[in-house]
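J.: predicted model and sequence follow; I will ask about them next.
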Amino acid sequence: MNQAVTQSLLKSLRKSPLKTKPSSFWLQANQRLLAKSLSELSWEEAISPLELDNGDFTLELQSGTSYQFAAWRTVWDQLIIDPASIIRTGPDGQCSSFPDVSQLFIDARTELHLTSVILANFLEELANTLMAEVRVQQNYHQKTAAELIDLTDDELQCYLDGHPKVTVSKGRIGWGGNDYEAYATEFLPDIQLEWLAVSRNHCQLSKIDDLSEQALLSAVLDTEAQAKLLDVFHGMNLTAEAYFLLPVHPWQWQNKLVNLFAGEIAAGRIVHLGAFGDPMLPQQSLRTLSNRQRPKQLNIKLPLSILNTSCYRGIPGQYIKAGPMISRWLANIVNTDPTLANRGVIILEEPAGAFYPNPIFTQVEDAPYRYHEMLGCIWRQSVHDKIKTSERAVLISTLFQRDGFNEPLIHEYIHRSGLSARQWLTRLFNSVVIPLYHLLCKYGVGLVAHGQNVTVVLEHHQPVRVALKDFQGDLRLIDQDFPELESLSDYARSVTTRLPAEYLIHDLQTGHFVSVLRFISACLAEKGLAEKGFSEVDFYGLLGKQLQLYMKAHPELNGRFKLFDLFQPEMARVCLNRVRFKLGYGDASERPLPELGTPLNNPLATTFREVP
């Protein structure tokens, strides 16, 4: 189909839809997920849309199907697609203005190298995601950005779209409809945890010295609930010397633990005590829960043996002992390092962790990793216990979330702050990016700073500091002997992944620039502020300027800045969706690793302006 014919067809179809319109929530969710899929698959170079004139694109597939849509291309080589513009033309020439997102993957299975087995499993994960997306659409339907940012911090998480890069971001294989309603973030459920008494001789427990086990109970149980739990505990003739009280997610207990740990239960090494405690609200990650009634209490992170986004969401035992050590070490760093202390950086410590290995599966050393991560708990400090009453804490992914009228929330934050976009972003970069880069350069610490691991603290809607979390598995160290690492315990260093500088820098470039800033800059450039001259070139030029000012203020780190050079002309293109297409759904003893595409042009290099 030549360009002239295609563009004529696009105009006529957009004026005259060719089939009955589906229900509104399903239509919105499906169109948005379809646009996201086309965008990310194109960015990952799995498909190759052809650009026509006037912002129109066409995707010709080997199946004989084509997709047409309107879009614009960002500095990251990403297509920002108008969901309502997408039209599918089948091999028979029939056109649809409301194509199903599932049909795209069937149509493109040759380009995506999908076997029938992988495709069928993927379509199930996609259907689950679409079901969850419909609920998200219902949540913020008719809600404005102003109304959304007025929600409490924990509740706002339930209105977020989730992972911006993964097409099946809410796949949750293992859950049915009832499970979604009972445990999924977007349903704002009240979850009451189950409690186990577990043998101390078989459970690995690690905590900082100044934390009592009483504090771990208080994270979920008020005084009355603790008394009830202890009555049951003592009524079973159990003693605190022999048993540790461990919370578990109710889904995990019913669906995994009662059968796979049956031998331990029968032997009396695990004793089920029942459900007790405050209602807990799941955060975006599902397995981390915050106390809805007493939000300053410790958060609870629990295993959920469901496949979601890229892997099974268990808790590996290898980091349990080191977790409290690493997070306390980081907390000491940000309190004593002038660059970090002056910026008020918050480390959400993980002061305690517990892990109960399955004695059957530990004998199968190369068993799929999910069987080694089924029972445990990580206690994490709540950001609400770390901020002032005048401050608000929001996940950084909140900034590129859109309301029910397609307005990005960052627009409302900037509007309410009274600052210009340039002033607001300058504060954001200095509060978030500079601390992350400083940790990397001075201490050789890489954090996977994606949208769920970074919390922006706002005061009067202006960014003032950052809170960082998730140090068990999402923290890596330089493979060199930086003297700044000597204060970290030998054991913690031995179990933490060590990477060369050229790999460690990806935690900042891919984990934050590509996974977070790529979407924020597109929101600002797309409309509104772009009309006032704030383009992506302005965005990354401003980021580059703040980085250079920081570097000029720290000449003692010049050697490290060369080692971790953020201004190289190219950077890695890390492709998450292609991993699922390649590896499929078979079990593996290790978590999957991402695929690499062709290198990306680095926006920091293309917008580089030397600071005088």
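T.: All right, it came through fine.
J.: and the pLDDT at L604?
T.: On the pLDDT scale, L604 is placed at 95.
J.: now do the contacts for it.
T.: 513, 540, 543-544, 547, 566-567 (CB atoms under 8 Å, 6 or more residues apart in numbering). The C-beta positions use only the backbone N, C-alpha and C, and glycine is treated the same way.
J.: narrow the residues you listed to those that are buried.
T.: In terms of neighbour count (16 or more other CB atoms under 10 Å), the buried residues within the contacts of L604 are 513, 540, 543-544, 547, 566.
J.: partner strands of whichever strand or helix holds L477 and their direction?
T.: In this assignment (DSSP states H and E), L477 forms part of strand 475-478. Strand pairing for strand 475-478, using DSSP bridges, gives strand 445-447 (antiparallel), strand 498-499 (parallel).
J.: picking that back up, nearest to S417, of the buried ones among the contacts of L604?
T.: L543 (18.4 Å; CB to CB).
J.: ok, F105 - how many residues close by?
T.: Counted with other CB atoms under 10 Å, residues neighbouring F105 total 21.
J.: same question but for F355, I mixed them up
T.: The burial count for F355: 25, using other CB under 10 Å.
J.: ok so, going back, any chance of the strands paired with strand 475-478 in a markdown table, plus mean pLDDT?
T.: Listed next are those as a markdown table, based on pLDDT from 0 to 100:
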| stretch | mean pLDDT |
| --- | --- |
| strand 445-447 | 94 |
| strand 498-499 | 94 |
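J.: please work out which of the ones you listed is packed deepest.
T.: strand 445-447 (a mean of 25; mean count of other CB atoms under 10 Å).
J.: ok, then the element right after it?
T.: Following strand 445-447 in sequence, per DSSP H and E, is strand 454-459.
J.: quick one: mean pLDDT for the next helix or strand after that next one?
T.: Using DSSP H and E, the helix or strand that follows strand 454-459 in sequence is strand 462-468. For strand 462-468, mean pLDDT is 97.
J.: which stretches of the stretch 351-500 of the chain form helices?
T.: Taking DSSP state H, counting those that start in this stretch as the criterion, the stretch 351-500 of the chain carries its helices at 409-417, 421-431, 433-443, 490-495.
J.: to L340, which of those helices lies closest?
T.: Across those, closest to L340 is helix 433-443 (CB to CB), at 5.6 Å.
J.: show me what that closest one is packed up against.
T.: helix 322-336, helix 338-341, strand 445-447, strand 462-468, helix 506-508, helix 536-552, helix 558-563 (3 or more CB pairs under 8 Å, 6 or more residues apart in numbering; DSSP states H and E).
J.: buried stuff in the second one?
T.: When you say that, I think you mean helix 338-341. For helix 338-341, a neighbour-count test (16+ other CB under 10 Å) marks 339-340 as buried.
J.: still on that earlier bit, the strands paired with strand 475-478: which one's closest to S102?
T.: Nearest of those (CB to CB): strand 445-447, 35.5 Å.
J.: mind listing residues that contact the closest one?
T.: Under CB under 8 Å, 6+ apart, the answer for strand 445-447 is 330, 436, 439-440, 453, 468, 470-471, 474-478, 499, 504-508, 511.
J.: at 7 Å instead, please
T.: 436, 439-440, 453, 468, 474-477, 499, 504, 507-508 (CB atoms under 7 Å, 6 or more residues apart in numbering).
J.: roughly how far apart are L119 and S96?
T.: 20 Å (CB to CB, to the nearest Å).
J.: the residue most central in space within the chain and L114, how far apart?
T.: The centroid of the chain falls nearest to Q452 when counting by CA atoms, centre = their mean (4.1 Å). For Q452, the distance to L114 (CB to CB) stands at 28 Å.
J.: again, but for D470
T.: Counting by CB to CB - D470 and L114 are separated by 32 Å.
J.: check the secondary structure at the residue of the chain most remote from its centre for me.
T.: No residue in the chain sits farther from the centre than N237, which is 42.9 Å out by CA atoms, centre = their mean. Under DSSP: H, G, I helix; E, B strand; the rest coil, N237 falls in the coil class.
J.: got the buried ones among the contacts of L604 as CSV, with pLDDT and distance to D210 columns?
T.: Below are the buried ones among the contacts of L604 laid out as CSV (pLDDT from 0 to 100; distance: CB to CB, whole Å):
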residue, pLDDT, distance to D210
F513, 96, 37
Y540, 96, 43
L543, 97, 39
G544, 97, 42
L547, 97, 37
L566, 96, 38
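J.: against which helices or strands is the longest helix along the chain packed?
T.: Using DSSP state H, we find that the single longest helix of the chain is helix 116-140. Helix 116-140 is packed against helix 24-43, helix 101-107, with contacts defined by 3 or more CB pairs under 7 Å, 6 or more residues apart in numbering; DSSP states H and E.
J.: what do you get if the cut-off is 6 Å, keeping everything else the same?
T.: helix 24-43 (3 or more CB pairs under 6 Å, 6 or more residues apart in numbering; DSSP states H and E).
J.: point out the other helices and strands that the helix it packs on packs with.
T.: strand 79-81, helix 101-107, helix 116-140.
J.: can we see that at 10 Å?
T.: Applying 3 or more CB pairs under 10 Å, 6 or more residues apart in numbering; DSSP states H and E, we find helix 24-43 packed against strand 56-60, strand 66-73, strand 79-81, helix 101-107, helix 116-140, strand 574-575, helix 577-583.
J.: report the angle between it and helix 116-140.
T.: If you take axes from the mean of the first three to the mean of the last three CA atoms, to 10 degrees, helix 24-43 sits at 130 degrees to helix 116-140.
J.: just the mean pLDDT for helix 24-43, thanks.
T.: Mean pLDDT, computed over helix 24-43, is 94.
J.: what residues are up against V258?
T.: Applying CB atoms under 10 Å, 6 or more residues apart in numbering, we find V258 in contact with 252, 265, 270, 272.
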